[in-house]
Every structure is written in C-alpha cells, then in structure tokens.
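>>> Kindly return the folded structure for what I paste below:
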Amino acid sequence: MKSLLPALQAHLDEGTTTLAWCWRITRADGQVFGFTDHDRTLNFDGTSFEPESGFAASELRAGSDLAVDAQDAEGVLRSGVITESDIAAGLWDGAAVEVWRVNWQDTSQRVLMRRGAIGEIRRGRVAFTAEMRSLAHVLDQPVGRSFQAGCDAVLGDGRCGIDLDSPAWKGAGTVAVLLRDRAFSAAGLSGFAAGLFTFGTLTWDTGANAGRRVEVERHEVATTGEAIITLLEPPGSPIAANDAFTIRAGCDKSFATCRDRFANTANFRGFPHIPGNDTVLRYASQGKANDGSVL
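As a prediction, this is how the structure comes out:
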C-alpha cells in the first residue's frame, strides 16, 4: 500500500481531480528525460516533463505473483529528444524508469507509482513502442557462475585482470574505405595481428557516431596489409571515411586464447577440462579410451 501526502489525499477526496502521468527516464549514459501526458511542461525534482512529445502509455498491469509486470509506452521519433539513431545504438536499452501520478496544478502533490526499466523497443518509420518492465524483471536475470568450458569473465574486468589500455591490446585508427554498412578497411592498425580485435569493442572518437561503443565481429588483414574490421551490427548513423576510432582486443573465452594470446591462465574463469557432451554420452567399450576408467 502506498502512503499519500495529506494534501494529495485531500485532493483525491474532492472527487474532481487534476491529475497527470509523468515518466522520468534515466539512460545508462546519465542523461535524464521527462515526459508527461499533460498539455504543458511540469517541473519537479530538477526534471522538466515535456508535453506534446507524442509520448503516451498503456494501462498499468500488476499482479500479486512474481511475474514481470509491464506497461507499453508509445512515442514519436523526434529529433533532439528520442531519435531513431539513439534507439538503434542501444542508448535507451535498460534505462531506468519512474512512473509518477501528479497533480498538475501543484506538482508537490505526487506519488511514485512504480519503478522499472525499459525492455524491448520496437521501431517503425516515425514512431516507437517501448516496453516498461517492473522491478520483478531483475529476478529473471542469471546469478552466479556457469559450469562450462569457456571463461565467464569479461575481458579487462577485475576477474580477468587484463589491462585493455595497454598499447598491446589497444589501437587507434581511421576508416579508410567503407566496404559495407558495417565493414570497412582501417588505417593505423597495421601493427596488430589478424584476429586480435575479433570479439572486441570499438569506440567512435569522431564522426556521426562519436562517443558510441560497438562490438567487433571480425578482424582480418588484407594482402595489402590493411586491417578489415567488421562490426557485429551497423552503428546508429552511417560510417564515413576518416571517422576515427579506438579499438580494443577481444577474446573468444577459450583456454587456448587465454594461454597463448594473453598469458593469463591464472585468471581463466572457465573449466577447460570438463568432459564434453560426446564423452558423457558415449558407452563403455573395452580397449578404448572410454572403457569406464577415470578420464
């Protein structure tokens, strides 16, 4: 049960109310946005909630079990507030959401209805629909480690220990020739072996995508010595020649890569010696390796 301020409770008791919905969204990059279904700007807690933004929400759905409650928000793709490129770049993924019920005549009379996060976002040509998930969605996230052959650490984190800012694992380059919407030849990376940046990350320093980080699918070296970089997905805005970027090494999570490339077996977070599915499912046969003895 929610506790209401006496002034808000008195307003509700009047029977005729002046209430509006407000949504405050905090993205992972720290930017805060406010939207309201009222016809004028509302302000509280240092946030301006914009009207007429083409932003509207469905009814709130809530249950007494542990199922994830959801609410859909529909809005217009508008330059400067919610852009298609920002959605495509993933800047809105997982953003924190607060849903408020506010007396628009006196915004000090308000109540926080729910908190959650933005889940699936579906885009059209001129509009988008974002799913707002309740805090129960956190219970669906995997917790703990997996018993698997591959490493479950993130390259460069505290469990891994590799310093990705070391010159051995970081390079700076520019786009030389655009090959496809997510592939290009790069200048400035000739000193790195092929495959070093596969599964790594690339951060754009200049151009239309400046400040955005993307994943690298493949790093190859052409016969001419130029590096060929293929991204996992096309960035939010088109890539252009001379766009500068910083790229960091990747890892396929295998024990061999950890040993041979990074010399970091002491921090390997997988279980490389567990038997695979084929070994587990094979039947015992005398005179062969699978005779039932210890592997």
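>>> burial of Ala266, as a residue count?
7 (other Cβ atoms under 10 Å). Any C-beta I mention is one placed from the backbone N, CA and C, and that applies to glycine too.
>>> actually Phe245, not the one I wrote
Counted with other Cβ under 10 Å, Phe245 comes out at 26.
>>> what about it, which helix or strand?
strand 244-248 (DSSP states H and E).
>>> helices or strands next to that strand in the packing?
Using 3 or more Cβ pairs under 8 Å, 6 or more residues apart in numbering; DSSP states H and E, the elements in contact with strand 244-248 are strand 170-180, strand 201-204.
>>> now Asn267: how far from Asn43?
Look at Asn267 and Asn43: by Cβ to Cβ, to the nearest Å, they are 49 Å apart.
>>> So the two - more neighbours on which side?
Per other Cβ under 10 Å, whichever of Asn267 and Asn43 has more neighbours is Asn267, with 14 against 10.
>>> so how far is Asn264 from the nearest residue to the more buried one once chain neighbours are set aside?
Using Cβ to Cβ, 6 or more residues apart in numbering and skipping the chain neighbours, the partner closest in space to Asn267 is Gly161 (4.7 Å). Distance of Gly161 to Asn264, given as Cβ to Cβ: 7 Å.
>>> before we move on, what about Asn103?
Going from Asn103 to Asn264 by Cβ to Cβ gives 58 Å.
>>> So for the two, which sits in the more crowded spot?
Regarding Asn103 and Asn264, a neighbour count based on other Cβ under 10 Å identifies Asn103 as having more, with 20 against 17.
>>> Can you name the residues bridging to the more buried one?
Note on Asn103: beta-bridge partners by DSSP bridges are Leu19.
>>> That one touches Leu19, doesn't it?
Yes. At 6.0 Å, Asn103 counts as touching Leu19 under the criterion of Cβ atoms under 8 Å.
>>> partners of the strand holding Phe245 in the sheet?
strand 170-180 (antiparallel), strand 201-204 (antiparallel).
>>> With only the CA atoms kept, save the last one in CSV.
Output for strand 201-204, consisting of C-alpha atoms alone and laid out as CSV, is shown next (Å, rounded to 0.1, in the frame of the first residue of the first chain):
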residue,chain,number,x,y,z
THR,A,201,35.0,-3.3,-28.8
LEU,A,202,35.3,-0.2,-30.9
THR,A,203,34.6,3.3,-29.7
TRP,A,204,34.0,6.0,-32.2
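>>> And the next helix or strand past that strand?
Per DSSP H and E, the first helix or strand lying C-terminal to strand 201-204 is strand 213-221.
>>> name the helices or strands packed onto that next one?
strand 201-204, strand 227-231.
>>> Run the angle between the last one and strand 244-248 for me.
Using axes from the mean of the first three to the mean of the last three Cα atoms, to 10 degrees, the inter-axis angle of strand 227-231 relative to strand 244-248 is 80 degrees.
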